[in-house]
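> A predicted structure for the sequence below; I have some questions about it.
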Amino acid sequence: MKHIFNVKGMSCGHCEKTVIKALKKVDEQAIVQVSLDEERVEVQSSQTDQRLIEAIENEGYTVVR
């Protein structure tokens, strides 16, 4: 399932790697694409939106719904 999130607070490559790592902890098979310019994260994963959002927010970023 494809999930698309608007994520505030990402501004650099380190942020991108942090978000990807957090999502891979929830689903190691996830395919993650991050666009810093658009503040968007696309995730191909079998996990629920809620689990993925929690993973992102636990790293200090805000998911805007």
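Thanks, I have the structure now.
> who does the residue lying closest to residue 57 once chain neighbours are set aside bridge with?
Among residues not flanking residue 57 along the chain, residue 63 sits closest, at 6.0 Å (C-beta to C-beta, 6 or more residues apart in numbering). C-beta here means a position set from N, CA and C on the backbone, and glycine is covered the same way. Residue 63 forms beta bridges with residue 7, as assigned by DSSP bridges.
> measure residue 63 to residue 48 for me?
13 Å (C-beta to C-beta, to the nearest Å).
> In terms of neighbours, single out the busier of these two.
residue 63 (17 against 12; other C-beta atoms under 10 Å).
> buried set for the helix or strand harbouring residue 17?
Here residue 17 is covered by helix 13-26, with elements defined by DSSP states H and E. Buried positions in helix 13-26, judged by neighbour count with 16 or more other C-beta atoms under 10 Å: 15, 16, 18, 19, 20, 22, 23, 24, 26.
> pLDDT below threshold where in the protein?
Within the chain, no range satisfies pLDDT under 70.
> rewinding a little: is it true that the residue nearest to residue 57 touches residue 55?
No - if you go by C-beta atoms under 8 Å, residue 63 and residue 55 don't touch, sitting 9.9 Å apart.
> got the angle between the helix or strand following the helix holding residue 17 and helix 13-26?
As assigned by DSSP H and E, the chain's next helix or strand after helix 13-26 is strand 31-35. For strand 31-35 against helix 13-26, the angle by axes from the mean of the first three to the mean of the last three C-alpha atoms, to 10 degrees is 160 degrees.
> Strand 31-35: partners in the sheet, and parallel or antiparallel?
By DSSP bridges, strand 31-35 pairs with strand 40-44 (antiparallel).
> List the backbone torsions phi and psi for residue 12.
phi -150, psi 180 (degrees, to the nearest 10).
> Name the nearest residue to it, ignoring sequence neighbours.
residue 36 (7.2 Å).
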